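Participant: Can you look at this prediction? I've put the sequence above it.
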12 protein chains.
Amino acid sequence: MLGGREPEVYGIVTIQQINDALYQLAEKLGVEIDFFQSNHEGELVDKIQQSAEVFNGILINPAAYTHYSYALRDALAAAALPYVEVHLSNIYSREQFRQHSVTAALAEGLISGFGMNSYLLGLEALVKNLSGNNS
Amino acid sequence: MLGGREPEVYGIVTIQQINDALYQLAEKLGVEIDFFQSNHEGELVDKIQQSAEVFNGILINPAAYTHYSYALRDALAAAALPYVEVHLSNIYSREQFRQHSVTAALAEGLISGFGMNSYLLGLEALVKNLSGNNS
Amino acid sequence: MLGGREPEVYGIVTIQQINDALYQLAEKLGVEIDFFQSNHEGELVDKIQQSAEVFNGILINPAAYTHYSYALRDALAAAALPYVEVHLSNIYSREQFRQHSVTAALAEGLISGFGMNSYLLGLEALVKNLSGNNS
Amino acid sequence: MLGGREPEVYGIVTIQQINDALYQLAEKLGVEIDFFQSNHEGELVDKIQQSAEVFNGILINPAAYTHYSYALRDALAAAALPYVEVHLSNIYSREQFRQHSVTAALAEGLISGFGMNSYLLGLEALVKNLSGNNS
Amino acid sequence: MLGGREPEVYGIVTIQQINDALYQLAEKLGVEIDFFQSNHEGELVDKIQQSAEVFNGILINPAAYTHYSYALRDALAAAALPYVEVHLSNIYSREQFRQHSVTAALAEGLISGFGMNSYLLGLEALVKNLSGNNS
Amino acid sequence: MLGGREPEVYGIVTIQQINDALYQLAEKLGVEIDFFQSNHEGELVDKIQQSAEVFNGILINPAAYTHYSYALRDALAAAALPYVEVHLSNIYSREQFRQHSVTAALAEGLISGFGMNSYLLGLEALVKNLSGNNS
Amino acid sequence: MLGGREPEVYGIVTIQQINDALYQLAEKLGVEIDFFQSNHEGELVDKIQQSAEVFNGILINPAAYTHYSYALRDALAAAALPYVEVHLSNIYSREQFRQHSVTAALAEGLISGFGMNSYLLGLEALVKNLSGNNS
Amino acid sequence: MLGGREPEVYGIVTIQQINDALYQLAEKLGVEIDFFQSNHEGELVDKIQQSAEVFNGILINPAAYTHYSYALRDALAAAALPYVEVHLSNIYSREQFRQHSVTAALAEGLISGFGMNSYLLGLEALVKNLSGNNS
Amino acid sequence: MLGGREPEVYGIVTIQQINDALYQLAEKLGVEIDFFQSNHEGELVDKIQQSAEVFNGILINPAAYTHYSYALRDALAAAALPYVEVHLSNIYSREQFRQHSVTAALAEGLISGFGMNSYLLGLEALVKNLSGNNS
Amino acid sequence: MLGGREPEVYGIVTIQQINDALYQLAEKLGVEIDFFQSNHEGELVDKIQQSAEVFNGILINPAAYTHYSYALRDALAAAALPYVEVHLSNIYSREQFRQHSVTAALAEGLISGFGMNSYLLGLEALVKNLSGNNS
Amino acid sequence: MLGGREPEVYGIVTIQQINDALYQLAEKLGVEIDFFQSNHEGELVDKIQQSAEVFNGILINPAAYTHYSYALRDALAAAALPYVEVHLSNIYSREQFRQHSVTAALAEGLISGFGMNSYLLGLEALVKNLSGNNS
Amino acid sequence: MLGGREPEVYGIVTIQQINDALYQLAEKLGVEIDFFQSNHEGELVDKIQQSAEVFNGILINPAAYTHYSYALRDALAAAALPYVEVHLSNIYSREQFRQHSVTAALAEGLISGFGMNSYLLGLEALVKNLSGNNS
């Protein structure tokens, strides 16, 4: 499972804290996860392509790339894994350009606005979907 | 806590099943909830206005009203309770008009695309927010 | 069969006259119809939901709701009955906002501009469609 | 004369205070008024239709319905009474969507931004218009 | 009465079948009709101009020209005959560009989506209008 | 208090009549007013700048400048006086370009459509606002 | 010199009268002209292509084709003759779609709104341009 | 007759030359004209208002004001004189913003692209219109 | 195989040269081709309709019709033959209106900008597609 | 060198202070400058036209006219002097309408957001450009 | 010659197969090529900058970057080599955002929709252009 | 202080020359600067994040990334350092897409169009701002 890119500016939690919380939740849910963070669109694309054969799903916060990276979208489409898109802040309360996501259309679903909890709820949602529990 | 309006068309779960699952989760989370469903925009507005003095938060699926009901938006703003917006389907995979929500800007956050789980994750998120757990 | 909502302003015929003419035509065509009129979007939605199990088709004039009621659209989609959309006036000769119908995309077809005859032609079209006569 | 719909959020005056002030002014101006408030679009439409035969003019604050209710617009057009549209807040200082009114085009005029005074000035304007004093 | 242009792709009925059905209906309604089909915008314009002195009304399916032929629109305006616009398919269920008709604004009315029946209903509507039966 | 610019075309009242009626109303309300009229955007800007130190509020009909004069807007913002915007005609019943006001966003409020009464109601509204009577 | 296409609807003058007046003016100006009229876009394109070698300039009223015929525009560009575009009516006083001309950008100039005089003034302008008299 | 505003940049003719040519043509046509030039929108508005009682028509080149001066438009509408709008250059061959004229809709007609001849043809057209010669 | 319409203005090659080169290439590729050129949209539509039964594919340069001829698009769709769209010039380097093609969406593919070579490459591509060589 | 128009609202520096600082900098740079300020678009246009023969360059803050004054743009184009556009505030951090400048396209360059320093940097840039120092 | 970036998702051919086919074709055409593939926009920009001195032309499939990478566009413009843009799929049959290419305007030409053949045809076209064979 | 990214195409000065001139000016202004150049959006983002703790301000030329890199914008916002945006060319004289900057809104100010001088003026402006000299 691929963790997304996360800027330090969106709350007082650090990437490390989110990382730890996700690993704890993963253990509780009985799944294995791997975490990846990069500022480089190309590295995210590379990672997603490699994930296709290794993981069963992707939990991603595309941050600013949400709003224009068709490369990320195409990589996610090519990987053909179910993915859940999460955002720390509620993107609908912010600037106009943040209210359009080029990656959301192909996602299982989107969770936005709950700070670190967006990641945890996203992991929960993804695992439920992968186990067929989304009647 | 006010349950939203839900058409039967978006999955095999019935409103009753969502209702039951929400009550179970509420019990587990140690909160009391109340459920309300109506096809009438006016009744939803009335209910939200009454909620302001009775509840601590709102979990709402505004269904089709998501896309045009400024009356619902104003009622939610007037109630001045934190609320979480949920959708059964991923609204970003559907028709263009479904990709704009007039109510999302004032919400705590939005969860879209996980079927019945959208409600459960939404309740979880709302309760965490109300208890200050959203670092 | 559900009759639609009709404001008194669009011609000299009364709802009663349209009602009578529709019943006469229905008798001639050998079908049973039921008529419903309301100013309340929610009541129209309720009625459409109930129609799903009782009727084989819907003849509807959504009046002003034509232009913004996604709730009506979703109700019609959920009812999953073939429906014909009719308008007393030619909506293409009027204000810009009247030239977009949010309900027409899912209809069997649309008839607009023939006064009371829009209803009669619409009933004829609907009955022909239901009997498979639309080669 | 029909009073409009008013949410409690737009100032410290209550509907009751506006109601009282309007009755006082009406008495001073030598006119009789009636007051109606509802959160239900359909009830407002019903009330407007009934007003056509009982009143000489309408003073209306369509609140959130200002921005999308073509049903209200059509009802006002059908009633064929002169009406004045009022708003508590200055709708031009607020969100983009509040700056378009679907009902203003057919009104005698519009008064926006003066709190409770919007109603009082609106009643004054309407009575002057009805008495032909608008050279 | 001028029949319109019709591509063979929109159903299993041939132009000949529509032609026959229209002549039968015309006989039943006690009117005389003439039929014209062309792929050439200019020939349709010529025919419409000539119709002005010979016919009392026009039943037209402008096909693809519906969406851009201002020449056709001007010819129909110049002919100054009442006309009914028909479409085999429901143009509101198709590509975005098909949802705008440059000719509909000046028509008596529009009938769209009923296959061959669109023509028959259109003829019926036109004859009723010409005979003043459209209260 | 600065009177606005007024073209002679919008009614049978002359500027003189409006001027007189305003002075009468001012006297009745116990306030002093001054009147200024010009076709020159620059002179209106100059006058508004000078008003900042002399007057307590501005009553302005920006006429055609309503729709494009950012210079007027900036002058009104710089003057930092509360102002009320009035229009003789209902600008929402007219051409599309008249329905956008570049000056309304910063005004106390807007009154449109009541002929000479727009000025009188505007003065009343302004004086009430200045005296804190706008609960 | 190529005369354009002219519908009979835009005034009481006939094509014949315009034709006669143009021949008279041509004689007075000492130039030879030829006149062509067609409802067929293709025939106009053919004629314009043939004109390139025979005439020194083109006077054209593209009628409805003004607003969408890129084929006409390309033909005029290919002919590489100076041309003047004329319209009987003032196209800026009419429907929105008539206010855009796809052919005007490449013309010497445009004359619109003077009925038959548009043609006569256009011929005068074209002849002056061809003789270098347009300082 | 009011001459318009003219920048020196649009050709080698001076305002004086245009002025002289217009006076010569006026004499030939048997009409009296007066000429006015200003860079000041307000002075043009003043002049147009004064023209209403003195002249029978207006020949105007609104230059840059063509594209935004609703004040000029309102002044021309108020003057209620027939006017002809002229431009030295072909405004359809230039920047996008020059292709919209806020004053053309109310003009008798428009002549654009013929340098000094635009003025002369415009005077001719105006005089013909005033003498009823525009069949 | 239907050759398209080609204006003489887009290069120094003549239609004849393109024709010859295409016949040579066709011989080399072992296919038979037929060539058709017309300025008439209607003739192109007729030809395409007739091609459906005679040819296996279409190579078309719709020239100016590319940008607005929904009639051509519908004819190509009805013919149900694979087709390749070619352009002499690179349409993306030209006017804005040339950058939208109404026919490209249904084509096998598009080749633009290589002069006469666009035709030759297009024929090659079409033949490869028809022989299943497009892995 | 022409100083621009400056409203008092955009900082604590007065026009006098900017004036003084500019004269000091000019002396240091070895250039002579002249300063002009007006609220009147027409006076600014007059001044710019006169500058063409007297100055070598223009430093201008068009203030609100930045966003709509095509008259100013045309005057600057006609003067044919290099000019630098400056703004006290960062226009990209403000209202949407302030983010479009109709005058910037023809300027040497633009400096925005540095308060009084915008003028000083602008003078420096202009002098460097005039002396050919802008490799 | 620079090969472009290619995701594995657009067909059954692998990058290796395209690579091989291109080398074979290059040998047949008597040209030398080099191949480069990266998911990193920055690496593509670097490579293009380096190509300027080493290659005579560029064959590029910008994949998702086609739709937003102005960096790629600027790099291609700076390299000042003729380039041909190719796409595996027909971008005009896909999502709206894929129908705009920010790089196509500066290309020699574009080939879209022929799978691996797009590359081969593109190489052929590029070589012909470089050898002056594009009459 | 972080130098930005600079393509070689926008003038005859090399990055080295700009670099040298900036170091000279920095010495003269008594500040220390560091220079960074990369074609990689991710590396620029990394560098900006690292700058937050090391530098007091940023001088940046985001080149093509100006127009779409929300990642750069977010990095600059997160770094929370004052920054000045510079461009070699006047972006308002170029293609439409270059006239929107996604990074300018959060900058101290913007300087565009003065070649290498844009950098030098930008450094001067930034240092003045950091020292509080921007009254």
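Facilitator: Nice, thanks for sending it over.

Participant: The helix or strand of chain A with the lowest mean pLDDT - contacts with which helices or strands?
Facilitator: Ranked by mean pLDDT, DSSP states H and E, the weakest helix or strand in chain A is helix A:41-54, scoring a mean of 91. Judged by 3 or more C-beta pairs under 8 Å, 6 or more residues apart in numbering or on different chains; DSSP states H and E, the packing partners of helix A:41-54 are helix A:70-79, helix K:41-54, helix L:41-54. C-betas here are computed from N, CA, C, even on glycine.

Participant: so of those helices, which one's packed in deepest?
Facilitator: Of all these, helix A:70-79 carries the top mean neighbour count, a mean of 23, counting by mean count of other C-beta atoms under 10 Å in any protein chain shown.

Participant: Give me the angle between that one and helix K:41-54.
Facilitator: Inter-element angle recorded for helix A:70-79 and helix K:41-54: 110 degrees (by axes from the mean of the first three to the mean of the last three C-alpha atoms, to 10 degrees).

Participant: Just confirm yes or no for helix A:70-79 near chain L.
Facilitator: No - interface with chain L: helix A:70-79 contributes nothing (C-beta under 8 Å from any C-beta of the partner chain), its closest point being 10.8 Å away.

Participant: Could you point out the helix or strand that follows that helix?
Facilitator: For helix A:70-79, the succeeding helix or strand toward the C-terminus, using DSSP states H and E, is strand A:83-87.

Participant: Can you point out the buried residues in the one helix or strand residue A:17 maps to?
Facilitator: Element membership for residue A:17 (DSSP H and E) is helix A:15-29. In terms of neighbour count (16 or more other C-beta atoms under 10 Å in any protein chain shown), helix A:15-29 has its buried residues at A:18, A:19, A:21, A:22, A:25, A:26.

Participant: Quickly find the element holding residue A:101.
Facilitator: Using DSSP H and E, no helix or strand contains residue A:101.

Participant: Tell me the spacing between the residue nearest the centre of chain A and residue L:92.
Facilitator: Most central in chain A under C-alpha atoms, centre = their mean is residue A:60, positioned 1.3 Å from the mean C-alpha point. To residue L:92, residue A:60 is 37 Å away according to C-beta to C-beta, to the nearest Å.

Participant: Could you tell me how many residues sit around the residue found closest to residue A:72 once you drop the neighbours it is linked to in the chain?
Facilitator: Among residues not flanking residue A:72 along the chain, residue A:65 sits closest, at 5.2 Å (C-beta to C-beta, 6 or more residues apart in numbering or on different chains). Using other C-beta atoms under 10 Å in any protein chain shown, residue A:65 has 27 other residues around it.

Participant: From the chain's centroid, how far away is stretch A:18-32?
Facilitator: Stretch A:18-32 sits 14 Å away from the centroid of its parent chain (C-alpha atoms, centre = their mean, to the nearest Å).

Participant: Oops, could you answer that again for stretch A:45-52 instead?
Facilitator: From the chain centre to the centre of stretch A:45-52 is a distance of 13 Å (C-alpha atoms, centre = their mean).

Participant: Quick check: residue A:61 touching residue A:86?
Facilitator: Yes - using C-beta atoms under 8 Å, residue A:61 is in contact with residue A:86, at 5.1 Å.

Participant: Tell me, what's the model's pLDDT at the one residue in chain A that gets nearest to chain J?
Facilitator: Using C-beta to the nearest C-beta, the single residue of chain A nearest to chain J is residue A:96, 9.6 Å away. Among the per-residue scores, residue A:96 shows a pLDDT of 91.

Participant: residue ranges with poor pLDDT in chain A?
Facilitator: Counting by pLDDT under 70, the ranges of chain A that qualify are A:1-12, A:134-135.

Participant: and the gap between the residue of it found nearest chain F and chain G?
Facilitator: Nearest to chain F, among the residues of chain A, is residue A:96, at 17.7 Å (C-beta to the nearest C-beta). As judged by C-beta to the nearest C-beta, to the nearest Å, residue A:96 and chain G stand 27 Å apart.

Participant: How about residue A:78?
Facilitator: Residue A:78 is 38 Å from chain G, where distance means C-beta to the nearest C-beta.

Participant: I'd assumed residue A:49 was in contact with that residue.
Facilitator: Yes - using C-beta under 8 Å, residue A:78 is in contact with residue A:49, at 6.7 Å.

Participant: I'd like to know which elements the helix holding residue A:17 is packed against.
Facilitator: When contacts are defined as 3+ C-beta pairs under 8 Å, 6+ apart, helix A:15-29 packs onto helix A:116-130.

Participant: next one: the helix it packs on to chain centre, how far?
Facilitator: Offset of helix A:116-130 from its chain centre (C-alpha atoms, centre = their mean): 9 Å.

Participant: try stretch A:45-59
Facilitator: Relative to the mean C-alpha coordinate of its chain, stretch A:45-59 is positioned 12 Å out (C-alpha atoms, centre = their mean).
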